[in-house]
Each structure stands twice: as structure tokens, then as C-alpha cells.
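Asks: Provided below for reference: sequence and predicted model.
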Amino acid sequence: MPILSGHLNARLDTMVSLEQEKSRPSSAGAAIIYNPVHAPLLRLRDAVATQERLMGWRRSSWHETAAEDAGRQAALDAANTAPDVVLVAGGDGTIRAAVDAIRESRVPIALLPLGTGN
């Protein structure tokens with residue numbers, strides 16, 4: 001029985017360590033590029049805020065595209081915030097412009113397709 005008890009205690013210690021790790025503030029963060037025409041902004045902000053809390057990430061920076069610029073400038077601005085990941089929420093044009101603008105930055109890009117056809 002002591003072996004089982006020791007094993008159980010080790011598992012509990014690991015679980016406590018993981019919970020403590022999640023509760024520590026993290027320097028990790030994201031930059032969000034979004035197309036205001038296609039992105040359901042309130043739902044998107046709520047979903048991102050929930051994940052920030054769960055992961056202990058700092059608040060994300062938000063970068064809106066413009067009618068005259070599908071996302072290039074928003075992507076450059078986002079990359080300048082030194083994010084751990086850039087989330088692009090929009091259609092094909094927004095995604096293409098953002099990826100093209102920051103592809104050499106080596107920042108990971110996550111896609112949330114929200115265009116007319118998505």
C-alpha cells in the first residue's frame with residue numbers, strides 16, 4: 001500500500017504544480033488582426049479574454065484592418081508588439097495581406113476564417 005500511496009502523492013504534487021504554473025502571470029501574449037466587416041468583434045473579444053485568463057497570458061493587442069488596406073499595416077503593427085502568436089480573423093483578403101506582410105518575422109500565425117464564404 002505505501003507504493004500506491006507514494007504514487008498517488010506524486011501525481012497530486014504534479015497536479016498542484018501544474019495548477020500553480022497556470023496561475024502564474026505569463027509574459028506570453030497574442031496580437032489579433034481582425035476585419036471589422038466580417039469579425040463578430042464582441043464574441044471574438046470574449047473568446048480571446050477567456051483564453052488569456054485560462055492560459056495566464058497578458059492582454060492581447062488588437063489591430064483593425066481598413067477598407068483601403070486589407071490587413072498589411074495591421075499585421076505590421078501587430079508584429080511590432082512582439083507577440084508569441086498573431087491571430088488573423090477575417091476572409092481570404094485579410095489573411096493573405098497579413099501573412100504576406102509578416103511572413104519573414106517568424107511569428108506563428110493562427111487563422112480564424114471569417115470571410116463571406118466561411
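Replies: That came through fine. What you see is a predicted model; the values in this text were computed from it and never measured. Residues are numbered from 1 along each chain as shown.
Asks: from here on, contacts and neighbour counts on C-alpha atoms
Replies: Will do.
Asks: Next one: Leu87 from Arg96, what distance?
Replies: Computed as CA to CA, to the nearest Å, the Leu87 to Arg96 distance reads 13 Å.
Asks: So which of these two has more stuff around it?
Replies: More crowded of Leu87 and Arg96, by other CA atoms under 10 Å: Leu87, with 24 against 15.
Asks: my guess is that one meets Pro113, correct?
Replies: No - assessed by CA atoms under 8 Å, Leu87 is found out of contact with Pro113, at 10.2 Å.
Asks: how about the strands in this protein?
Replies: Applying DSSP state E to the chain gives strands spanning 30-34, 61-64, 85-90, 109-113.
Asks: which one of those is the most hemmed in?
Replies: Ranked by mean neighbour count, the strands of the chain are led by strand 30-34 with a mean of 27 (mean count of other CA atoms under 10 Å).
Asks: chain center to it, what's the gap?
Replies: Between the centre of strand 30-34 and the centre of its chain there are 7 Å (CA atoms, centre = their mean, to the nearest Å).
Asks: who does it touch, helix- and strand-wise?
Replies: Where contact means 3 or more CA pairs under 8 Å, 6 or more residues apart in numbering; DSSP states H and E, strand 30-34 is packed against strand 61-64, helix 72-79, strand 85-90.
Asks: wait, which of those is closest to Asn35?
Replies: Asn35 lies closest to strand 85-90 among these, at 5.1 Å (CA to CA).
Asks: Next, the angle strand 109-113 makes with that closest one.
Replies: Relative orientation of strand 85-90 and strand 109-113, computed by axes from the mean of the first three to the mean of the last three CA atoms, to 10 degrees: 20 degrees.
Asks: So what are the sheet partners of strand 85-90 and their directions?
Replies: Using DSSP bridges, the strands paired with strand 85-90 are strand 30-34 (parallel), strand 109-113 (parallel).
Asks: Let me see the ranges of the helices in the chain.
Replies: In the chain, the segments counted as helices under DSSP state H are 2-23, 41-55, 72-79, 92-102.
Asks: can you tell me which of those helices the model trusts least?
Replies: Note on these: lowest mean pLDDT is at helix 2-23, with a mean of 46.
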